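Below are the sequence and a predicted model; questions follow.
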Amino acid sequence: MEKPIEEILANLEVLPEQIRGAVRNNGGGFYNHNLYFEIMGPNAGGEPAGELAEKIKEAFGSFDAFKEEFSKAAATRFGSGWAWLVVNKDGKLKVTSTANQDNPLMPGATSCGCSQGTPILGIDVWEHAYYLNYQNRRPDYISAFFNVINWDEVSKKYEATK
């Protein structure tokens, strides 16, 4: 029986032990990179509008405060990993980060101590994502990332969590 990748990653514990690690790493990488490329675009950037903008303000106080928290999560992720904007199961927005190819769909993977959630925005902070253009300047890469976020796509992902 075929299952969507989101369902597989959210239920890793039911997989046989001998394949769990490979599914976590490779399935996580597949999901993470798909989301990463889906939420970027040319002529993008700016700020979200509509309900997502309201929810960001509600959760973080302002878009600038969200941007600061998200950037900090990305900049301080030790080693390789990801930073995320997540809709938790309670419908609240949270910023978190995960190591390696983990993501917030996976039980116990987040840095925020929050429960599993659905990622709607993610930034890859593995060196391969930024080294050619930014060398070891991860904060510059993170800052530039905000210029290519397609907030309409992020809003669609937010709407899909309802």
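Everything's here; your move. Residues are numbered from 1 along each chain as shown.

For stretch 117-134, buried residues please.
117-126, 129-130, 134 (16 or more other C-beta atoms under 10 Å). For glycine as for every other residue, the C-beta is placed from the backbone atoms N, C-alpha and C.

just the strands in the chain please.
Here the chain has its strands, by DSSP state E, at 81-88, 93-99, 117-124.

do you know which of the ones you listed lies nearest residue 39?
Proximity to residue 39 (C-beta to C-beta) singles out strand 117-124 among those, at 5.8 Å.

Please convert the strands of the chain to JSON lines, extending it with distance to residue 6 and mean pLDDT.
Below are the strands of the chain laid out as JSON lines (distance: least, C-beta to C-beta, whole Å; pLDDT from 0 to 100):
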{"stretch": "strand 81-88", "distance to residue 6": "13", "mean pLDDT": "96"}
{"stretch": "strand 93-99", "distance to residue 6": "15", "mean pLDDT": "94"}
{"stretch": "strand 117-124", "distance to residue 6": "8", "mean pLDDT": "96"}
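
To residue 53, which of the ones you listed lies closest?
Among the strands of the chain, strand 93-99 sits nearest to residue 53 (C-beta to C-beta), with 11.1 Å.

Please name the strands paired to the closest one in the sheet, noting orientation.
strand 81-88 (antiparallel) (DSSP bridges).

before we move on, the earlier item: just send the strands of the chain back as a markdown table, with distance to residue 27 too.
Shown next, in a markdown table, are the strands of the chain (distance: least, C-beta to C-beta, whole Å):
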| stretch | distance to residue 27 |
| --- | --- |
| strand 81-88 | 14 |
| strand 93-99 | 13 |
| strand 117-124 | 14 |
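
Among those strands, which comes closest to residue 20?
strand 93-99 (16.0 Å).

coming back round to it: of the strands of the chain, which is nearest residue 56?
Of all those, strand 93-99 comes closest under C-beta to C-beta, at 6.4 Å.

tilt between that closest one and strand 117-124?
60 degrees (axes from the mean of the first three to the mean of the last three C-alpha atoms, to 10 degrees).

Give me the buried positions along strand 93-99.
93-98.
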